[in-house]
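Peer 1: just coords:
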């Protein structure tokens, strides 16, 4: 799209005061034109069919149809529309969810007018804008999830393997040439690290995560 032409913007938010504030913001820029307002995702989907905006400023937490579902539905019908999620929440699941649904940008509602206007223009040009909080959430989401078993020592893994094989504390002590008291201490640590409360749960965890075999 030629950015010298007015950019048609639609607002989707269930709070009247938020929509009013965003409408006032848009009037301050000659190249940004408000073409419609919706209170939830269902209204937004219907309005999109009539107005065909260039950019939608989409709230996420709304009744009837939330912002993630609305983003997915709108882009299924109108893939050329650019959707900017603008919300008060920086939850990792929300960030991942709406970006996976097709939103091009994710901003918090404390964004400045200049930052928001720039994000709208960038969206029309196909460039994403992420709030620092959203970027951090995405970075956290892409990091490998640490498993409780990662904290087990080599000695504790040996004990766990013998527990899975059904050996008693005395049998484990004999096999590893340690005292029964030491075995009990290892097992206590294992239960704590695996976040389970019994030998049976520890065995189930170990088998599920392939930490040991029968």
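Peer 2: Right, received. Where do you want to start? Only a predicted model underlies this, so the values are computations on that prediction, with no experimental measurement involved.

Peer 1: so residue 31 makes contact with residue 54?
Peer 2: No - using CB atoms under 8 Å as the test, residue 31 is too far from residue 54 to be in contact (10.7 Å). No exception for glycine: its C-beta is placed from N, CA and C like everyone else's.

Peer 1: Which neighbours do those two have in common?
Peer 2: Common neighbours of residue 31 and residue 54, counting by CB atoms under 8 Å, 6 or more residues apart in numbering, are residue 7.

Peer 1: These two: which is more packed in?
Peer 2: Between residue 31 and residue 54, counted using other CB atoms under 10 Å, the more crowded position is residue 54 (22 against 14).

Peer 1: after the longest helix seen in the chain, next one along is what?
Peer 2: What stands out as the longest helix in the chain, according to DSSP state H, is helix 180-194. Where DSSP states H and E defines the elements, the next helix or strand beyond helix 180-194 is helix 199-208.

Peer 1: quick one: the longest helix of the chain to helix 199-208, angle?
Peer 2: 60 degrees (axes from the mean of the first three to the mean of the last three CA atoms, to 10 degrees).

Peer 1: And the contacts of helix 180-194?
Peer 2: 148-149, 151-152, 155-156, 159-160, 163, 169-170, 172-173, 176, 197-199, 201-202, 205-206.

Peer 1: and if we set it to 10 Å?
Peer 2: With contacts defined as CB atoms under 10 Å, 6 or more residues apart in numbering, helix 180-194 is touched by 147-153, 155-160, 162-163, 167-176, 178-179, 196-199, 201-202, 204-206, 209, 211.

Peer 1: What residues of that helix count as buried?
Peer 2: In terms of neighbour count (16 or more other CB atoms under 10 Å), helix 180-194 has its buried residues at 183, 186-187, 189-191, 193-194.

Peer 1: Kindly reformat the residues you listed as a markdown table containing pLDDT and distance to residue 48.
Peer 2: Listed next are these as a markdown table, based on pLDDT from 0 to 100; distance: CB to CB, whole Å:
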| residue | pLDDT | distance to residue 48 |
| --- | --- | --- |
| 183 | 95 | 66 |
| 186 | 94 | 61 |
| 187 | 94 | 60 |
| 189 | 93 | 57 |
| 190 | 92 | 55 |
| 191 | 92 | 54 |
| 193 | 90 | 51 |
| 194 | 89 | 49 |
